[in-house]
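[1] curious how this folds, go ahead:
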Amino acid sequence: MTPNAKPSSPVPSARRRARQLRMAAAIILLLGIFGADAAYWLGTRSADLSGDPSVVGYDKTQVRQMGILYGKQALWIEEWRHKLKHPGPQACVILAASVLAAGGCFYFARLLDAAGESGHA
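    Numbers count the residues shown, from 1 in each chain. Down below sits the predicted model:
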């Protein structure tokens, strides 16, 4: 190291990491939006067998038995599982997960900026 060279400060490193986190958050948001759109679009294009008369009432006894054995929580979970088979809720879950992940990235980027301004990294 030469006598005129300054040691690198942690401030640019923290700001660089914060910028990288913001870029990652933007990418996560874009992928989430496109992923949710693709899941919804592909899900609405597939064949819908929910209105098939041959399966009406098929699982009625099974649902009753599950309610007797495991209680209402099992029925709620089973209902949620059936709802998540549809493209709308699937797209909402994908979008919500990407918003949460991107929000976490933005939050940590803000913390890094604050640490960089105070000189603690």
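[2] give the helix, strand or coil label for the spatially most central residue of the chain.
    With distances taken as CA atoms, centre = their mean, Ala97 lies nearest the centre of the chain, 1.4 Å away. Under DSSP: H, G, I helix; E, B strand; the rest coil, the three-state class of Ala97 is helix.
[3] how far away is the residue nearest to it when sequence neighbours are not counted from Gly103?
    Nearest residue to Ala97, sequence neighbours excluded (CB to CB, 6 or more residues apart in numbering): Gly32, at 6.9 Å. C-betas here are computed from N, CA, C, even on glycine. Going from Gly32 to Gly103 by CB to CB, to the nearest Å gives 11 Å.
[4] the more surrounded of those two?
    The residue with more neighbours, out of Gly32 and Gly103, is Gly32; 20 against 13, by other CB atoms under 10 Å.
[5] from the contact counts, what lies against the lengthiest helix in the chain?
    Counting residues, the longest helix found in the chain (DSSP state H) is helix 10-45. Using 3 or more CB pairs under 8 Å, 6 or more residues apart in numbering; DSSP states H and E, the elements in contact with helix 10-45 are helix 87-118.
[6] check which residues of the helix it packs on are buried.
    87, 89-91, 94-95, 98, 101-102, 105-106, 108-109, 112-113, 115-116 (16 or more other CB atoms under 10 Å).
[7] by how many degrees do it and helix 10-45 diverge?
    Interaxial angle, helix 87-118 versus helix 10-45 (axes from the mean of the first three to the mean of the last three CA atoms, to 10 degrees): 180 degrees.
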